[in-house]
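In: can you look at this prediction? I've put the sequence above it.
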Amino acid sequence: MYYLYVLLLIAMVISFLADRNKTYKAVRIGFKKFTRILPAFATMLILVSIILALVPDSLILHYLGKSNMSKGVVMATLFGSITLMPGFIAFPLCGILLQKGVTYTVISAFTTTLMMVGFVTFPIERKYFGAKVAAIRNALSLFIAVVVAVMTGVFFGEILR
Amino acid sequence: MKSKTLTKHAKVAGFIAYSLFLVLSFWMGFEPGKKIGLNLGYFSLEMLKILPFAFILIGLFEVWVKRETIEKHFGKKSGLRGHVGGILLAGTTVGGLYVAVPVAYSLYSKGADLGVIFTYIAASAICRVPMTIFEASFLGMKFSVIRLSVSIPLVILSSMLLGKYLTKRGYAIKEGE
C-alpha cells in the first residue's frame, strides 16, 4: 500500500514545482470527486458491513476461495457480466473480499468482466454497431476476461503450483 | 421527480435506522449488531487510508493530461501506432462505455481505422487511468500490471482481426439514434 503514498508524494512534488496553481486545482478536483462518491460509498459500506456479518467467512471461502476455484471463476464471471457497478465501488469491495480470503483469480474474473462485458450496456452498443458485431465484441471480451483471470491465478501462484 | 425524493427519504430513513440499530446493539450488547458495527468501522478505516490519496492522484492526472492532445496526435494513425494511440486515448476517457461509444463513432467518422476503433472501445473499459489507480490502490500494483499486460495484447489482436474481417465485408458503423 505504501507505494500509493510514495507515488503521490513524488507526483505532488513534481507537479508543485512545475505549476503551483495546477497542483491546487488537482487537489480540489480530487476532493470534489471524493465527496461526490461518498454517499454511494457509504451505502456500499453499510450493505457490505451487514452482509459480511450475516454470511460466515467459511461460506464465502467455500464458494470464492481456493478450494473451489473453477466454480468461483464461473460465478464471478456471470456476476461481473450482468451487473453494472462503477469501478470506484467495485475495487474497494474487492479489496475487502480479498482480505476475507477470496482468491485473486476470482476477483480478476469479476472485475475484468465487470469492466469489459456488458449485458446492461448492450443496447447502446447495438445502436452503433448492430446486434451481431456487438455480440461478437462482447463474446471476445468474455474470452479475454477468462484468460486474464487464469493468468492472474498463475502469476499469484493460485493455479498450477 | 416525486419518486426521486421518495427514494432519498427512504435512504435517509434507512441510514437513521441503521445508526440507531448500531447504537442500541452496542448499548445492549447484541452480538450480531456489534459485529456489523465493527465491520463498518474496520472497512471505513481501510478505505480512508486509501481513498483521499487515490483521488488526489486522479486529480493530478486530470489536470496534467489533456485528452485533446492525444486525440490530435493519434486519432488517425493506423497500424500498431494507431492501436497504441487508441489505448492512450482510452486511458483518458472518463465514464466507460456510455462515453466511449459516441467518441468512437466521432473518431470513425473522421476516418480512423475500424480495428483501432474496437481497440479504443475495449481499452476504454480496461485501461482508464483513474480506474487503474483505484484498482492498484486496493488490489495491489502486481494485480494491475498482470491484468494490463495480459489483456492489452489480446485486445489489440482481437480488434485487428475483427476490424480486418468487417472491413472486408464492407461493414460500417452507423450513428446511434
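Out: Structure's in. What do you need?

In: state the distance from the residue nearest to the spatial centre of chain B to chain A.
Out: Ranked by distance to the mean C-alpha position of chain B (CA atoms, centre = their mean), the top residue is residue B:131 at 4.8 Å. Per CB to the nearest CB, to the nearest Å, residue B:131 is found 4 Å from chain A. All C-beta spots, glycine's among them, are computed from the backbone N, C-alpha and C.

In: just residue B:57 next, same as before
Out: Per CB to the nearest CB, residue B:57 is found 5 Å from chain A.

In: that residue contacts residue A:6, correct?
Out: No - with contact defined as CB atoms under 8 Å, residue B:57 and residue A:6 do not form a contacting pair (11.2 Å).

In: which of the two has more neighbours?
Out: For residue B:57 against residue A:6, the residue with the higher neighbour count under other CB atoms under 10 Å in any protein chain shown is residue B:57, and the figures read 23 against 9.

In: now do the contacts for the more buried one.
Out: Under the criterion of CB atoms under 8 Å, 6 or more residues apart in numbering or on different chains, the contact partners of residue B:57 comprise A:4, A:7, A:8, A:11, A:30, B:133.

In: does residue A:100 touch residue A:58 like I think?
Out: No - distance between residue A:100 and residue A:58: 10.4 Å, which falls outside the contact criterion (CB under 8 Å).

In: so which of the two has more stuff around it?
Out: residue A:100 (13 against 9).

In: and that one, backbone torsions?
Out: phi -80, psi -10 (degrees, to the nearest 10).

In: mind checking how far it is from residue A:64?
Out: Using CB to CB, to the nearest Å, one gets 8 Å for the distance from residue A:100 to residue A:64.

In: pull the distance from the longest helix seen in chain B to the chain's centre.
Out: Under DSSP state H, the helix in chain B containing the largest number of residues is helix B:31-64. Taking the mean C-alpha point of helix B:31-64 and that of its whole chain, the gap between them comes to 18 Å (CA atoms, centre = their mean, to the nearest Å).

In: in stretch A:86-98, which residues are buried?
Out: For stretch A:86-98, the neighbour count (16 or more other CB atoms under 10 Å in any protein chain shown) marks A:87, A:88, A:89, A:90, A:91, A:92, A:93, A:94, A:95, A:96, A:97, A:98 as buried.
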